[in-house]
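Student: Return atomic coordinates for the entry below.
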Amino acid sequence: MPRWKTQAIILNSLDFSESDRIVHALTKDRGLINAMAKGARRSIKRFPGTLEPFGEVILDIFSKPGLELARLEEARLLNAHLRLREDIALFAHASVMIEVVLTHLGPYDPHPDTYQILKHTLDAFETHPKWFALWASGMINLLRSLGYGLDTQEARQGRPLPMHRLSTEAVTFMDKGASMEDALLAKLSLSARARGEIETYILDLCEKVGDRALKSRPFLTRVDLYRN
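Tutor: Numbering: from 1, shown residues only. All right, here's what the predicted structure looks like:
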């Protein structure tokens with residue numbers, strides 16, 4: 001069927017012409033989609049604040065072979081994940097997750113595990129005020145779902161990223177954190193040193209495997225410096 005509905009997470013949306021928007025979303029069952037939302041900048045009825053990044057939505061889509069952009073007919077909001085817009089540091093870290101998904105997935109390439117990990121992590125941010133361990137755990141699981149190899153033994157020895165040898169605390173978290181329950185992660189007290197090591201290692205690994213600099217990293221770095 002050329003017209004279908006799916007659950008999705010909005011990754012990015014860009015204004016196009018005077019009234020339209022181009023939307024990039026990760027769907028639950030069909031992978032990444034790129035779609036044109038005609039009249040989205042004016043239509044409150046069809047797109048009532050539903051096309052902002054991190055939003056979980058139900059999309060009504062029209063697509064067919066040869067169509068460069070799908071056509072987004074309507075969007076219904078399930079969860080806006082508003083806390084991501086209230087905490088600038090959380091917004092910066094969550095933006096890295098979005099960029100990694102956009103960088104490594106092609107259109108209509110189903111990745112249900114990646115979708116569930118992203119959704120689970122964004123939902124957890126809404127519930128737990130201490131979010132760094134949740135983010136790090138989510139990033140580790142997200143990268144593994146995309147085929148990244150995270151070898152903590154190599155990390156302990158400073159490989160494959162030279163000069164990034166991790167402390168015992170950081171390696172222990174990377175060994176066990178990805179499988180911990182959210183409630184435990186939210187109570188976990190990591191030292192500032194371990195948080196810095198884990199964050200740097202994850203970001204450097206993203207750039208090494210992706211063979212490109214993360215566009216969201218400079219913003220995240222400025223936020224980290226401000227917080228410290």
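
Student: Distance from the top helix by length along the chain to the middle of the chain?
Tutor: Counting by DSSP state H, the longest helix found in the chain is helix 192-210. Between the centre of helix 192-210 and the centre of its chain there are 15 Å (C-alpha atoms, centre = their mean, to the nearest Å).

Student: Not counting its own residues, what contacts stretch 111-123?
Tutor: 9, 26-29, 31, 54, 56, 79, 81, 84, 94, 97, 101, 105, 134-135, 137-138, 141-142, 145-146 (C-beta atoms under 8 Å, 6 or more residues apart in numbering). In short, each C-beta sits where N, CA and C put it, glycine included.

Student: Next: stretch 191-200.
Tutor: Under C-beta under 8 Å, 6+ apart, the answer for stretch 191-200 is 132, 136, 164, 166, 167, 169, 170, 173, 174, 190, 224, 228.

Student: Just name the shakiest helix or strand of the chain by mean pLDDT.
Tutor: helix 152-156 (a mean of 60; mean pLDDT, DSSP states H and E).

Student: Could you point out the longest strand of the chain?
Tutor: Secondary structure of the chain per DSSP state E: the longest strand is strand 3-16.

Student: List the neighbouring strands of it plus their orientation.
Tutor: In the sheet, strand 3-16 lines up against strand 20-27 (antiparallel), strand 56-62 (antiparallel) (DSSP bridges).

Student: for the ones you listed, which one sits closest to residue 215?
Tutor: Residue 215 lies closest to strand 20-27 among these, at 13.8 Å (C-beta to C-beta).

Student: Which is the succeeding secondary structure element to the closest one?
Tutor: strand 31-37 (DSSP states H and E).

Student: got the angle between that next one and strand 56-62?
Tutor: Interaxial angle of strand 31-37 relative to strand 56-62 (axes from the mean of the first three to the mean of the last three C-alpha atoms, to 10 degrees): 70 degrees.

Student: got a list of contacts for strand 31-37?
Tutor: 8, 11, 13, 16, 20-27, 47, 51, 59, 61, 63, 69-72, 75, 101-102, 105-111.
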